[in-house]
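> Got a predicted structure here, sequence first:
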Amino acid sequence: MSKHSLIKKKKYKRSSRKQIFCALLVCVAICFIILKFQPQSRGSAPADWQFISCDVGQGDMSLLRTGNNSAILVDAGPDPQKAKSCLRWAGIKTIDAVIITHAHADHDGGLPGICNGCDIWTSEHSASAISHEYSGGNYHVLTVKSLLEPTPTLSIRILNAPTTSDFVPGDGKSAQENNSSVVLYLDIRNTENSSSFHVLLTGDIQQETVHNILPSLSNLPVDILKVPHHGSKHSGDALEKKLRPSVGLISAGFNNSYGHPHREIMDSLTDAGTQIYESSQAGDIAFALSNEQSSLSVVTQKT
């Protein structure tokens with residue numbers, strides 16, 4: 001973890017009273033954090049939010065703040081009404097751009113109802129399908145670059161974005177489209193005190209792409225992991241085991257027919273000491289860095 005990592009993870013042995021005492025102090029600190037993170041009903045997101053994971057049912061959508069009332073969307077969920085609900089909660093009036101991880105309806109179906117004429121960024125692999133899907137609107141489909149820096153407080157590194165000539169693994173067209181998902185590594189900063197937190201957004205990548213991107217994550221701290229493919233076991237648990245993120249986000253519909261999130265993934269997150277937030281229980285989830293303590297605060301929409 002970098003010097004800006006928010007929750008230090010250490011291993012303690014049982015060999016000394018000093019170590020046991022230190023472990024107890026850590027437990028007290030963690031309990032305080034968990035209490036601070038308890039879901040609370042909020043009519044709107046906190047004024048200083050920087051990243052939001054939206055509750056869009058069985059789908060995915062995130063907001064990256066770019067200004068007082070503006071944001072970049074990562075995916076748009078399946079339902080325009082649920083997407084609009086998250087935008088209202090966040091106070092967003094302007095969508096600067098939309099990054100679509102891949103061309104599946106649970107990630108891009110809500111787009112026409114919330115944005116007409118937006119710039120859509122995606123991989124070259126998915127650009128043709130998305131251009132065809134939205135040919136009736138005034139959209140501009142662009143290919144993502146390796147690094148985007150839309151604001152002084154936000155950097156976006158692209159870890160997976162296949163071209164048309166790249167081999168995309170997967171058993172069947174749907175699995176290949178999942179594995180073509182754009183994977184984004186976010187460095188979100190607070191310029192007031194030089195603190196930062198790091199988010200990994202994974203789309204619907206499955207085990208093959210998970211293993212392909214692991215080497216590029218070897219020196220990158222991840223504080224918040226958007227768990228791949230809504231918590232599906234088909235993505236494996238290699239990311240959870242290697243990264244041991246402080247927070248794991250699972251975007252899935254309540255009582256969905258896929259059984260997401262699968263028990264194997266939940267167990268891996270728990271074993272890694274990761275605080276789990278499910279959109280079906282928490283609703284929209286907002287994250288912000290505190291100016292005073294350089295600590296990460298979490299506010300959820302639902303109780």
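Cool, got the structure.

> quick one, helices of the stretch 101-250 of the chain?
With DSSP state H, counting those that start in this stretch as the criterion, the stretch 101-250 of the chain has helices at 105-108, 124-133, 173-179, 207-213, 238-243.

> Could you look over those and pick the most buried one?
Using mean count of other C-beta atoms under 10 Å, the stretch among the helices of the stretch 101-250 of the chain with the greatest mean number of neighbours is helix 105-108 (a mean of 22). (C-beta placed from N, C-alpha, C; glycine too.)

> quick one on the thing from earlier: minimum distance to Thr163: which of the helices of the stretch 101-250 of the chain has it?
The minimum distance between Thr163 and these falls on helix 124-133, with 4.3 Å, by C-beta to C-beta.

> That closest one packs against which elements?
Using 3 or more C-beta pairs under 8 Å, 6 or more residues apart in numbering; DSSP states H and E as the contact criterion, the secondary-structure elements in contact with helix 124-133 are strand 140-143.

> residues in contact with the strand it packs on?
By C-beta atoms under 8 Å, 6 or more residues apart in numbering, the residues outside strand 140-143 that reach it are 117-124, 127, 130-131, 134, 161.

> now these in JSON lines, with distance to Glu278 and pLDDT?
Formatted as JSON lines, the entries for the contacts of strand 140-143 read as follows, by distance: C-beta to C-beta, whole Å; pLDDT from 0 to 100:
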{"residue": "Gly117", "distance to Glu278": "34", "pLDDT": "86"}
{"residue": "Cys118", "distance to Glu278": "28", "pLDDT": "90"}
{"residue": "Asp119", "distance to Glu278": "31", "pLDDT": "94"}
{"residue": "Ile120", "distance to Glu278": "28", "pLDDT": "96"}
{"residue": "Trp121", "distance to Glu278": "27", "pLDDT": "96"}
{"residue": "Thr122", "distance to Glu278": "27", "pLDDT": "97"}
{"residue": "Ser123", "distance to Glu278": "27", "pLDDT": "96"}
{"residue": "Glu124", "distance to Glu278": "33", "pLDDT": "95"}
{"residue": "Ala127", "distance to Glu278": "32", "pLDDT": "94"}
{"residue": "Ile130", "distance to Glu278": "28", "pLDDT": "94"}
{"residue": "Ser131", "distance to Glu278": "33", "pLDDT": "92"}
{"residue": "Tyr134", "distance to Glu278": "30", "pLDDT": "87"}
{"residue": "Ala161", "distance to Glu278": "28", "pLDDT": "96"}
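
> Next, give me the two most distant ones among these.
Checking the contacts of strand 140-143 with C-beta to C-beta, the most distant pair is Gly117 and Ala161, at 23.2 Å.

> More neighbours: which of the two?
Each of Gly117 and Ala161 had its neighbours counted (other C-beta atoms under 10 Å), and the higher figure belongs to Ala161 (23 against 9).

> who touches the more buried one in this structure?
Taking C-beta under 8 Å, 6+ apart, one finds Thr122, Ser123, Glu124, His125, Thr143, Val144, Val182, Val183 in contact with Ala161.

> quick one: the fifth one from Thr164, how far?
According to C-beta to C-beta, to the nearest Å, Thr143 stands 10 Å off from Thr164.

> shared neighbours, those two?
Counting by C-beta under 8 Å, 6+ apart, the contacts common to Thr143 and Thr164 are Glu124.

> Could I get the contacting residues of Ser280?
Applying C-beta under 8 Å, 6+ apart, we find Ser280 in contact with Asp55, Ala252, Gly253, Phe254, Asn255.

> so is it in a helix, a strand, or just coil?
Assigned state for Ser280: helix (three-state reduction, DSSP: H, G, I helix; E, B strand; the rest coil).

> Need phi/psi at Val227.
Here is the backbone geometry of Val227 (degrees, to the nearest 10): phi -60, psi 130.

> That one: neighbour count?
Using other C-beta under 10 Å, Val227 has 29 other residues around it.

> quick one: the strands in the stretch 101-250 of the chain?
Secondary structure of the stretch 101-250 of the chain (DSSP state E, counting those that start in this stretch): strands located at 119-122, 140-143, 147-151, 154-160, 183-190, 195-201, 224-226, 247-250.

> what's the closest of these to Ile95?
That would be, of the strands of the stretch 101-250 of the chain and by C-beta to C-beta, strand 119-122, which comes in at 9.2 Å.

> show me where pLDDT drops low in this protein?
For the chain, applying pLDDT under 70 flags the ranges 1-41, 293, 303.

> Mind doing that once more with 90?
Counting by pLDDT under 90, the chain shows low-confidence ranges at 1-43, 116-117, 133-138, 145-146, 165, 167, 171-172, 190-194, 289-296, 303.

> gap between the closest residue to Glu124 other than its chain neighbours and Leu200?
With C-beta to C-beta, 6 or more residues apart in numbering as the criterion, Glu124 has its nearest non-adjacent residue at 4.3 Å, and that residue is Thr163. Look at Thr163 and Leu200: by C-beta to C-beta, they are 22 Å apart.
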